[in-house]
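J.: Sequence first, then the predicted structure:
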Amino acid sequence: MSITSGCDGLLLQCSALTLVRGERELFSGLDVSLRPGEVLQVEGENGAGKTSLLRVLAGLARYGYEGEITRPVPLLYIGHLSAVKELLTPRENLAWHVDGHADYRDSDVCAALAKVGLAGYEDVPSHQLSAGQHRRVNLARLHLSRQPLWLLDEPFTAIDRDGVASLEHLFVSHAKRGGAVVLTSHQPLRMEYPLTRLMLRAGGDL
Amino acid sequence: MSITSGCDGLLLQCSALTLVRGERELFSGLDVSLRPGEVLQVEGENGAGKTSLLRVLAGLARYGYEGEITRPVPLLYIGHLSAVKELLTPRENLAWHVDGHADYRDSDVCAALAKVGLAGYEDVPSHQLSAGQHRRVNLARLHLSRQPLWLLDEPFTAIDRDGVASLEHLFVSHAKRGGAVVLTSHQPLRMEYPLTRLMLRAGGDL
Amino acid sequence: MTETTAPGAVSFCLRLLRRQLTLAIRRPVAVGNPLLFFAMVVALFPLGIGPAPETLAGFAPGILWIVALLSNLLSADGIFRSDFDDGSLEQLLLAPQPLYLSVLAYVAAHWLVTGVLLALVSPLFAAMLDLPVVAWPSLAAGLFLGSGVMSLVGGIGAALTVGLRRGGMLISLLILPFYMPVLIFGTATVQAALDGAPVQPFLALLGSMLCLSIALAPLAISAGLRISVDA
Amino acid sequence: MTETTAPGAVSFCLRLLRRQLTLAIRRPVAVGNPLLFFAMVVALFPLGIGPAPETLAGFAPGILWIVALLSNLLSADGIFRSDFDDGSLEQLLLAPQPLYLSVLAYVAAHWLVTGVLLALVSPLFAAMLDLPVVAWPSLAAGLFLGSGVMSLVGGIGAALTVGLRRGGMLISLLILPFYMPVLIFGTATVQAALDGAPVQPFLALLGSMLCLSIALAPLAISAGLRISVDA
Amino acid sequence: MWTLFHKFGSPPWLYRLSGSILRWLLPISLLALAMGVGWGLLFTAPDFRQGNSYRIIYIHVPAAVVALAGYYVMAIAGGISLIWKMKMADVAMHAAAPVGAALTFIALLTGAVWGKPTWGTWWVWDARITSMLILLFLYLGVMALYEAFDNKAAAARACAILSLVGTVNIPIIYKSVDWWYSLHQPASIKFTGESTIDPSMLYPLLLSIIAFYALFTCCLLANMRAEILQRERRTGWVQRLASENH
Amino acid sequence: MYFDSLRALLEMDGHGFYVWSAYGISLLVIALLVVAPFRRRRRLLSAIRAGQQREAAAAARRTPQPAAGSLSSEKESLNAPRA
Ligand code: HEM
Ligand SMILES: Nc1ncnc2c1ncn2[C@@H]1O[C@H](COP(=O)(O)OP(=O)(O)OP(=O)(O)O)[C@@H](O)[C@H]1O
Ligand SMILES: Nc1ncnc2c1ncn2[C@@H]1O[C@H](COP(=O)(O)OP(=O)(O)OP(=O)(O)O)[C@@H](O)[C@H]1O
Ligand SMILES: [Mg+2]
Ligand SMILES: [Mg+2]
């Protein structure tokens, strides 16, 4: 069962993208197109422009770039900030998430939390969680997501080895179901799945 | 030339350390002792208690634990928070750092920034830096540090591959000079140096 | 993959409202604070300008309204602050529901825990400042409507400034003039009640200001948020 | 390894002071806000209570002092807030210099950019409220001393609440009672000047309160910070 | 002396001691309260100026007096806990706050209700009333601060600091408010007190004050017992107590 | 007894409302003040007892005691061969 049944073409396309931050041109003439089933890893050293690119692709940054971007499908973006409210419990954080793409039943939420290893932590105030657990609350949204396109900025930050493996597994199954994933990471991925790579180099070329 | 010439014994010792967070006992009866030249990697899955342990060792957490800790030498602690002021430039951030262990000359500061790959960014307001650059500002303190003991909580977060390699190199040279390093990391280290490992397991045993 | 559908705009809005109210209740101080702040500032005035009842009663409408305005102004910055800081705001902008309604939910939550609450307890403070009983209902009604306007206008300021690391003084300068009419009509309402004049015209004015701001402010707030997240 | 030595306590303190002042200047809002707030409230008062000059002049000392107090109160929370949020505070606690002096530097920076600045521009606001010129110097002198006390007391509140996730603006509840004596003596100073009575006793009282708080408050602040970083 | 001091530091000892004190003190204080209040309400003659409304005095004055004393109990306990790190002292401090706040509230409320028939207004900014209001804020501050901390050990220390700062400041606050009031020459309203009070009114009042002191002690001890259990719930003696005490 | 009748006592020459409401609310607050800690203590003790029972049950499940013929240990031994 494909999640992109309605849209058999591209999930994201951008062409001739040029991005300037501050005084610096990060890259120019970048073309990206994503098809269902694709996993794209954006690489580049610190400050190469990965985060900036993802924010432009997600539609969060709307100035300072040139080029055409089409986003035919809804997308899920996870950035450096975790969007986890410290005063809410993980359960509430997911059930009342401001990313309004779905209405989750409580059982779905608990199942998702269990999948990211937070079973037993559903009702602890989130500020009592460790750094990795905190991020896991946010990553649990991936298990609940209906969006075909995922844009993930360093999703493995603070996640332990088992967690990274299970995330990689999740990306593969999402891609196999017809979704697409764009992610940035400084760690090499160890998934058994064909990976597209995009290398951003400081200086502007790809 | 050793930085711990005055103190030829232990740089840190804790014995029979028991730590309780919330209702959970994270570990009990933990003994740690660090000698000059030692690099200790604390491992454990998310929520195992690595951060909590480091904060107790640094003397920042003063409740909820039992046990004896002696800290005969000054220490440098780098936690999840970067202690980088967004409104100050990297240069000012280092020169006016609240960690009052040294008075740095401007040339030292610039050299340290260059060593972490921030040459050219000395006078950019820090909020314009990328996530990795932001952390690098803080890590530049390692190059300036006079403290023999370093406690580093996930120092590689957001740092690219070259950055990780040069940090590992720095740890080795610090250890060779008679310092000691305690660090947590979910990534395997690739240093050519004998490494002590401490595995914290959820459930309390080591 | 869970087979759920995106919630409708209104139910999403209610969810947001519930979330914001829960957040407020988790910080009881945040709810209690405007009230305590009110009480304490009301206590400051006799200390500052002398305890004589007749003076106080004369000042009461003005004092109560100014303090209400201040406590609204001061808490307005928080409407989007924590959601910006922890990244929830970016997520809200990506939600498929119309931002117009979502920001209305945020503002409504703010209004409920500051303005409405203040309006409800205002008779207590009125009593402490010797305001005659006849004026209590119109004070409460005026605060009820006026604080709605102030929350909406404050929301605009908050949306424009939430992303700024520096600056923002300009914005509060810009916002303040919009508070002035509210203050003027608000005190006029109480004064009319004291003088035995009809208060309906003033309340109607405040009500129409509220309607106008409900219609327009969310547009400005949405635009402001998009700019702030980008900056 | 750079061969430098740890700076002495005083030079470290000065470095902190310089850092805090730079930070304040980088956010002109932080500096301008208390003043703006002051100006705003002073402007609101005639609107709220009717602009008859003789009424205004009679209450000018009280109003000016209340507003100074509020603007101090509202900015006190920020003394340690950003340093706590970004982790600088943990680092400060690990510094070898005595915390007593370091926190004094933080408080001094706050005092300089709020209280002292306010004291300097207070004649302007006094003029706006028709306060007779004889009272201006004692208003400024009183604000100068009193705002020091308020910054120190505010620092205690800030230190105790900075780590609280559920704290809201708890700080205003905690410290406002302690501000009241300052308010009383402050207005009394201006009143004395207006009445032609000697103001020295009042200023001496404010001064001795300042000395007392310089001696004791940093102890409470240091202890509060250690608790907050831990909690 | 020091052994006693150390004994006070021992939770089970204190728990048991306070239990046996409560067993007789609570009935006595309730009885005294009933007697004092009943006497004042039913058997004394009305005041020649205020008529029957003065009967509020039998609850207003004791509440006000004990509420004030309560702050010092709290602050001294806070000081002991901070200086000697005695855990039971911060239990006492935390236990005193709600009792003191409730009594302050009673004093304010009965005062306000009394004011209406006497002065024709619910509230005046009299020195004593104002400082009582400040006292309420101080109590509420301590309570709110305690509640806002998740880590109760830290909460206790923070509250101890706050109440110590309070002890330095309270005399200043009271003096200044008193002085402020005399400076301002108040509006025509004065307390009827100070004047000589008829013995027939005084005795029930004294009884009532004693009853309030005893009641404060009871509530303090009972709160402390609950708090001790809460803190020590993982220790052996509490576990044993729970299983025995059924 | 100063008052002649119950009615006089209740009215107190027109001050009855004030006096009785002051006394009523105060006594209510005092009652709450006295009762609260005792209720809290009782609830705590029963929570601790519940915790003990939960732990005892958990311990029984972990180490099935062959001698004890309780229901849970029977279940355990039934499950054991399959596991
Ligand atoms: C909200 C209003 C009031 C508050 C907060 C208040 C507060 C206090 C306090 C704190 C005391 C104890 C003073 C001490 O022992 O040092 C007191 C005593 C007393 N109050 Fe009130 N009061 C209020 C209203 C009234 C009213 C309306 C009356 C009567 C008309 C009244 C009559 C008295 C009397 C007779 C005493 C005892 C006299 C004495 O010991 O000096 N109070 N009040
Ligand atoms: N303030 C707190 N109150 C209660 N429990 C807490 C608190 N902080 C952390 N914990 C709990 O303590 C445990 C250890 O947390 P800690 O942050 O030390 O883990 P960690 O090993 O650093 O994990 P990570 O790899 O995710 O950073 C977690 O289970 C967490 O839920
Ligand atoms: N607000 C801004 N104003 C000006 N320049 C900026 C701003 N934000 C980022 N930059 C610059 O843009 C460049 C790219 O930043 P970006 O965050 O996209 O890098 P990144 O590839 O995500 O790096 P990292 O691996 O460290 O996360 C950096 O050189 C940074 O200094
Ligand atoms: Mg990035
Ligand atoms: Mg950690």
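T.: Thanks, I have the structure now. Since the structure is predicted, the reported quantities are computational estimates derived from the model, not experimental observations. Residues are numbered from 1 along each chain as shown, chains lettered A, B, ... in the order given. Ligands and ions are numbered 1, 2, ... in the order given.
J.: where's the closest residue to chain C within chain E relative to F:Ala47, distance?
T.: Nearest residue of chain E to chain C, counting by CB to the nearest CB: E:Trp125, 3.3 Å away. Bear in mind the C-beta positions are built from the backbone N, C-alpha and C, glycine included. Relative to F:Ala47, E:Trp125 is positioned 46 Å away (CB to CB, to the nearest Å).
J.: which one of the two has more residues nearby?
T.: Set E:Trp125 next to F:Ala47 and count neighbours by other CB atoms under 10 Å in any protein chain shown: E:Trp125 wins out with 26 against 14.
J.: and that one, which of the three is it?
T.: coil (DSSP: H, G, I helix; E, B strand; the rest coil).
J.: C:Thr55 is in contact with that one, correct?
T.: No: the criterion here is CB atoms under 8 Å, and E:Trp125 misses it with C:Thr55 at 10.1 Å.
J.: and the residue of chain A nearest ligand 5?
T.: A:Ala131 (4.2 Å; CB to the ion).
J.: show me the contacts for E:Asp90.
T.: E:Ala77, E:Gly78, E:Ser81, E:Ala156, E:Arg157, E:Cys159, E:Ala160 (CB atoms under 8 Å, 6 or more residues apart in numbering or on different chains).
J.: Please repeat the previous calculation with a cut-off of 10 Å.
T.: E:77-78, E:80-82, E:146, E:152-153, E:155-157, E:159-160, E:163, E:227, E:231 (CB atoms under 10 Å, 6 or more residues apart in numbering or on different chains).
J.: And it, its phi and psi?
T.: phi -80, psi -20 (degrees, to the nearest 10).
J.: Give me the pLDDT for C:Ala52.
T.: Confidence at C:Ala52, expressed as pLDDT, is 77.
J.: How about the one 3 residues further on?
T.: At C:Thr55, the predicted lDDT confidence score is 75.
J.: Likewise for the one 4 residues further on?
T.: We note a pLDDT of 79 for C:Phe59 in this prediction.
J.: Touching, it and C:Val67? I think so.
T.: No: counting by CB atoms under 10 Å, C:Val67 is not a contact partner of C:Phe59; they are 11.1 Å apart.
J.: The closest residue to C:Pro53 other than its chain neighbours: what secondary structure?
T.: In space, and not counting its chain neighbours, C:Pro53 is closest to C:Asp130: 4.6 Å by CB to CB, 6 or more residues apart in numbering or on different chains. Following three-state DSSP, C:Asp130 is assigned to coil.
J.: is the strand or helix carrying F:Val29 anywhere near ligand 1?
T.: F:Val29 is part of helix F:16-62, with elements assigned from DSSP states H and E. No: against ligand 1, helix F:16-62 shows no contacts by CB under 6 Å from any ligand atom, the least distance being 9.9 Å.
J.: Mind giving me the packing neighbours of the longest helix along chain C?
T.: Under DSSP state H, the helix in chain C containing the largest number of residues is helix C:200-230. On a contact count with 3 or more CB pairs under 10 Å, 6 or more residues apart in numbering or on different chains; DSSP states H and E, helix C:200-230 meets helix C:78-85, helix C:88-94, helix C:99-111, helix C:136-161, helix C:169-195.
J.: Determine which of those approaches A:Ala111 most closely.
T.: Of all those, it is helix C:88-94 that lies closest to A:Ala111, at 21.1 Å by CB to CB.
J.: what about the closest residue to ligand 2 within chain C, how many neighbours?
T.: Closest contact between chain C and ligand 2, by CB to the nearest ligand atom, is at C:Arg26 (15.2 Å). A count of neighbours around C:Arg26, defined by other CB under 10 Å, yields 19.
J.: low-scoring stretches of chain F, by residue?
T.: F:1-4, F:6, F:8-13, F:62-83 (pLDDT under 70).
J.: For chain B, tell me whether the helix or strand where A:Ser166 lies is touching it.
T.: For A:Ser166, the enclosing helix or strand under DSSP H and E is helix A:161-176. Yes: on the criterion CB under 10 Å from any CB of the partner chain, helix A:161-176 is in touch with chain B at A:Arg161, A:Asp162, A:Gly163, A:Val164.
J.: C:Leu47 and D:Ile63 touch, don't they?
T.: No: look at C:Leu47 against D:Ile63 with CB under 10 Å: they stay out of range, at 12.0 Å.
J.: what's the residue nearest to C:Arg165 when sequence neighbours are not counted in contact with, if anything?
T.: Among residues not flanking C:Arg165 along the chain, B:His127 sits closest, at 5.4 Å (CB to CB, 6+ apart). Counting by CB under 10 Å, 6+ apart, B:His127 touches B:Val84, B:Lys85, B:Glu86, B:Leu87, B:Leu88, B:His134, C:Arg165, C:Arg166.
J.: Recalculate using a threshold of 8 Å.
T.: B:Glu86, B:Leu87, C:Arg165.
J.: What subset of those is buried?
T.: With neighbours counted by 16 or more other CB atoms under 10 Å in any protein chain shown, these contain buried members at B:Glu86, B:Leu87.
J.: quick one: which of the contacts of B:His127 is nearest C:Leu212?
T.: Out of the contacts of B:His127, the member with the shortest distance to C:Leu212 (by CB to CB) is C:Arg165, at 32.4 Å.
J.: Helix, strand, or coil at that closest one?
T.: Going by three-state DSSP: C:Arg165 is coil.
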